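Student: sequence plus predicted model, see below.
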Amino acid sequence: MLKRKWFTEDAFARRKELTPGLDITPDRFEAYLGEDLGLQVRAMPPFQRVRYDFQCESMRTGHVYGIFVDRCALLAAPEVVLSQCELEYLRSRGILDHDQDEDEVLIEMEWVDN
C-alpha cells in the first residue's frame, strides 16, 4: 500500500491518496517514486518511530474516528524529532439511518479534537 499526502502547511483537511496492491521490490522502490511518479526523493537516515493509534465511536451516529500520534527521532541525533497528531474520520456503522452529510462529521470531529 502506498500512501501519499499533499499539503503545504498544517491544516485540518488535506489531500490523501491510497494505492493498494503495488508489486514493487525494495530495490526498485526509489526508482518507482522518481521515474513512475515523477517525485524527487532521497532516503531518510535511520530513525525510530513510535506510533499510537486510538479509535473512538459516536454512540449517537456510529461514526468512528481515529487519533494517530507519531514520534520519529533520528538514531544518530535523537534530539531531531518529528511529532504529529492526526485526527481522521474512518467509517460509520450503526443501526439507525443517520444523514451522513459532511457537516455532521465535521461537528463531531471538532468535538473529538477538543
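Tutor: Happy to help now that I have it. As the structure is a computational prediction, the values presented were derived from the model and not from experiment.

Student: so what's the residue positioned nearest the centre of the chain up against?
Tutor: For the chain, the residue nearest the mean C-alpha position is residue 86 (6.7 Å; CA atoms, centre = their mean). Applying CB atoms under 8 Å, 6 or more residues apart in numbering to residue 86 gives the contacts 66, 67, 68, 70. Any C-beta I mention is one placed from the backbone N, CA and C, and that applies to glycine too.

Student: then residue 6?
Tutor: 14, 15, 16.

Student: need those in JSON lines (columns: secondary structure and neighbour count).
Tutor: JSON lines is the format used below for the contacts of residue 6 (DSSP: H, G, I helix; E, B strand; the rest coil; neighbours: other CB atoms under 10 Å):
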{"residue": "14", "secondary structure": "coil", "neighbour count": "12"}
{"residue": "15", "secondary structure": "strand", "neighbour count": "8"}
{"residue": "16", "secondary structure": "strand", "neighbour count": "11"}
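
Student: could you find the lowest-pLDDT member of the residues you listed?
Tutor: Comparing pLDDT over the contacts of residue 6, the lowest score belongs to residue 14 (81).

Student: hang on, that one packs against residue 5?
Tutor: Yes: Residue 14 is in contact with residue 5 according to CB atoms under 8 Å; the separation is 6.0 Å.

Student: how about the strands in the chain?
Tutor: Taking DSSP state E, the strands of the chain run over residues 2-6, 15-19, 47-57, 63-74, 81-92.

Student: beta partners for the nearest residue in space to residue 88 that is not next to it in sequence?
Tutor: Sequence neighbours aside, residue 66 is the residue nearest to residue 88 in space, at 4.8 Å (criterion: CB to CB, 6 or more residues apart in numbering). In this structure, residue 66 bridges to residue 55, residue 88 when assessed by DSSP bridges.
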